[in-house]
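Asks: Quick check, what structure comes out for this input:
(one chain, ligands or ions: 2)
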Amino acid sequence: MDILDEAEQHCARAGARLTPLRKRVLEVLVEADAPVKAYDLMARLDDSAANAKPPTVYRALDFLMQTGLVHKVEALNAFVACPSAGHGAAAILYVCEKCGRITEVHGTRPGQDKRPAGFVVKRSVVEHYGLCAGCAA
Ligand SMILES: [Zn+2]
Ligand SMILES: [Zn+2]
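Replies: Ligands and ions are numbered 1, 2, ... in the order given. As a prediction, this is how the structure comes out:
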């Protein structure tokens, strides 16, 4: 099953709908092999989605992040598709500063360790920077 089908099922289970634009945004991120910035994303959407205006695209991205299908790489201000939809654990991103490639691994429960009393964690992304094996060699 491909990642888009999986995403659709994940949304259905969460009672949400993967609209054509949301799906197209996800597809662009899945096809990219490096994090994509919002304006690049819009440029790539041009061909297909007539209603891909910035606010709509940002809302689609918000939805995808909230459902755990996409993670934002804060330091790069860019987005990556999650390789395993809605894993419900913290995403740990290893960002290569040379080639820009991102490897995602999953932590255990999101941000449980030093959590302030009563704080409910909804999603966590941890970023590590350095060189991937290829670039370090
Ligand atoms: Zn993930
Ligand atoms: Zn690299």
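
Asks: what about the residue of the chain found nearest ligand 1, how many neighbours?
Replies: Ligand 1 sits closest to Cys82 of the chain, with a gap of 3.2 Å, by C-beta to the ion. For glycine as for every other residue, the C-beta is placed from the backbone atoms N, C-alpha and C. Using other C-beta atoms under 10 Å, Cys82 is surrounded by 24 other residues.

Asks: How about Lys114?
Replies: 6.

Asks: What strand or helix carries it?
Replies: Under the criterion DSSP states H and E, no helix or strand holds Lys114.

Asks: While we're on it, how confident is the model there?
Replies: The score at Lys114 is 76. That number is its pLDDT.

Asks: Next: Val25.
Replies: 94.

Asks: Would you confirm that it contacts Ala60?
Replies: Yes - look at Val25 against Ala60 with C-beta atoms under 8 Å: they come within range, at 4.7 Å.

Asks: who has more neighbours, those two?
Replies: Val25 (31 against 24).

Asks: separation between the more buried one and Asp40?
Replies: Distance, Val25 to Asp40, by C-beta to C-beta, to the nearest Å: 12 Å.

Asks: With Ser124 instead?
Replies: In terms of C-beta to C-beta, Ser124 sits 25 Å off from Asp40.

Asks: For the spatially most central residue of the chain, which residues count as its bridge partners?
Replies: In the chain, the centroid-proximal residue (C-alpha atoms, centre = their mean) is Val70; its distance is 1.9 Å. Note on Val70: beta-bridge partners by DSSP bridges are Ala81.
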